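Engineer: Pasting the sequence and the predicted model now:
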Amino acid sequence: MQSRNFKPNGPRGPKRRGPGSGYQGGRSNTFNRGRSGGRGRFTGNAIDINKFINKSAGPVAEDKYIAKTLFPEFPIDQRLKTIIAQRGFETPTEIQEKTIPLIMEGKDVIGLANTGTGKTGAFLVPMIDKILRNPHEKLLVVVPTRELAIQIQDEFVAFSKELHINSVVVVGGANIRPQIDKLRSRHNVVIGTPGRLKDLIQRKRLILDRFANVVLDEADQMLDMGFIPDVRYLLSLVSPKRQTLLFSATLAPEIERLTGEFLNNPEKISIRKRDTSAQVDQDVVRIDRGQDKIEVLHNLLAQTHFQKVLVFSRTKHGAEKLSKALHHKGFKAESIHGDKSHAKRQKALKLFKENIVQILVATDVASRGLDIPNVSHVINFDVPATFEDYIHRIGRTGRAGKTGVALTFVG
């Protein structure tokens, strides 16, 4: 793709401005888009527009990790080995090979790894084995979003089929009654979001003192979403004699303090992967005064190489409005944001993953944790709150050795 051709068809196409070219009419080359008092409010922090412009190095073959230990060689239950083999897994990923033995030894672990590195298997395999050895073991998995909870649940079901180990998913935005009913049944695993877990505890429907195994997944996102106080509350209620595993892309000071409070001499495993953004063609789309942003987006999406597009909006209302506008213009589009019901969010995500819809309009709820294959383009219809948010957004494309494209609307 030629980075200089970001002009939609017709005379109203946006002008591309290269690094250092600045803006006309006295506009600054910097956006004031800091976060204050919660997501969606912008105050002080500045993002230099030039950071949104970067030519990728092209498709890069991932360095294949050569594992020294294969799954059949791990000292896990033979039934679990059979399921892993049936799923076609023989060679563990780096995070799996380095953490599974430590977890099986009963150690607390901090795993620093990005989405797509196999970390879900890294904690599910040894935890399922632990439950098979002792059916009284209970596991709590805490995640920031409903979508990630369902994703982990799907993996758990795939790893534990016919092993008679049951799990319960408890997430906000879904009817709490069926979740309460499922908690009454026999289960070893609870996977949930902090708010719904706290709600169930306060209703006395979930008691955590028998849970001696805890996984905190995507801890950095839980920090960004303001869930760390809830996480502290949950950890204060589980068994004091427990094994705690924490997975995160980064180790911010607040998360490091959390590990100091609740983990016991943890082993830290850091999997350094190539920066995804290096495989993403990044550019800006200039919106001149008086131009209709939706028309500009329409003209971009009408081009044939925009095959599977994730569009980010700053607000829930904006994401829904934009999705409907694109649908009205004839595009197959869905939206995903916090105001949609759990069932509708899952349906939208499924349609996008299965290529039934071409465009998914989302808030930052879709910028982390989710593994969505073959996204050709990420479009920032609204400038993200922080540059870190930007990096997470564009990380949804340019995966698995492919080159992706990220465009940010500015003006």
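Structural biologist: Perfect, I can see it now. Numbering: from 1, shown residues only.

Engineer: Neighbouring strands of the helix or strand hosting residue 407 in the sheet, and parallel or not?
Structural biologist: Per DSSP states H and E: residue 407 is located in strand 404-410. Counting by DSSP bridges, the strands paired with strand 404-410 are strand 280-286 (parallel), strand 377-380 (parallel).

Engineer: Just the CA atoms from that strand would do, formatted as CSV, please.
Structural biologist: Taking C-alpha atoms only, strand 404-410 is exported to CSV below (Å, rounded to 0.1, in the frame of the first residue of the first chain):
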residue,chain,number,x,y,z
GLY,A,404,-1.4,-3.6,8.7
VAL,A,405,-2.5,0.0,8.1
ALA,A,406,-3.5,2.5,10.8
LEU,A,407,-5.0,5.9,9.9
THR,A,408,-5.8,8.7,12.3
PHE,A,409,-8.3,11.4,11.5
VAL,A,410,-6.8,14.8,12.5
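
Engineer: which residues of the stretch 1-150 of the chain fall in helices?
Structural biologist: 78-86, 94-104, 119-133, 146-160 (DSSP state H, counting those that start in this stretch).

Engineer: Please dump the ones you listed into JSON lines; it should also carry mean pLDDT, distance to residue 284 and mean neighbour count for every row.
Structural biologist: To be clear about C-beta, it is placed using only N, CA and C from the backbone, and glycine gets the same treatment. Below are the helices of the stretch 1-150 of the chain laid out as JSON lines (pLDDT from 0 to 100; distance: least, CB to CB, whole Å; neighbours: other CB atoms under 10 Å):
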{"stretch": "helix 78-86", "mean pLDDT": "97", "distance to residue 284": "45", "mean neighbour count": "15"}
{"stretch": "helix 94-104", "mean pLDDT": "97", "distance to residue 284": "35", "mean neighbour count": "22"}
{"stretch": "helix 119-133", "mean pLDDT": "97", "distance to residue 284": "33", "mean neighbour count": "23"}
{"stretch": "helix 146-160", "mean pLDDT": "93", "distance to residue 284": "29", "mean neighbour count": "20"}
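
Engineer: closest to residue 302 out of these?
Structural biologist: helix 146-160 (28.8 Å; CB to CB).

Engineer: Run through the neighbouring helices and strands of that closest one.
Structural biologist: For helix 146-160, the contact count by 3 or more CB pairs under 8 Å, 6 or more residues apart in numbering; DSSP states H and E identifies helix 78-86, helix 119-133, strand 167-170, strand 189-192, helix 342-353 as packing neighbours.

Engineer: now these as CSV including distance to residue 322?
Structural biologist: Shown next, in CSV, are the helices and strands packed on helix 146-160 (distance: least, CB to CB, whole Å):
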stretch, distance to residue 322
helix 78-86, 42
helix 119-133, 31
strand 167-170, 29
strand 189-192, 30
helix 342-353, 13
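
Engineer: of all these, which lies closest to residue 378?
Structural biologist: Between residue 378 and those, the shortest gap by CB to CB is with helix 342-353, which sits at 12.8 Å.

Engineer: what's in contact with the next helix or strand after the closest one?
Structural biologist: Per DSSP H and E, the first helix or strand lying C-terminal to helix 342-353 is strand 359-362. Here strand 359-362 makes contact (CB atoms under 8 Å, 6 or more residues apart in numbering) with 301, 309-313, 319-320, 322-323, 326, 331-337, 348-349, 352, 366, 381.
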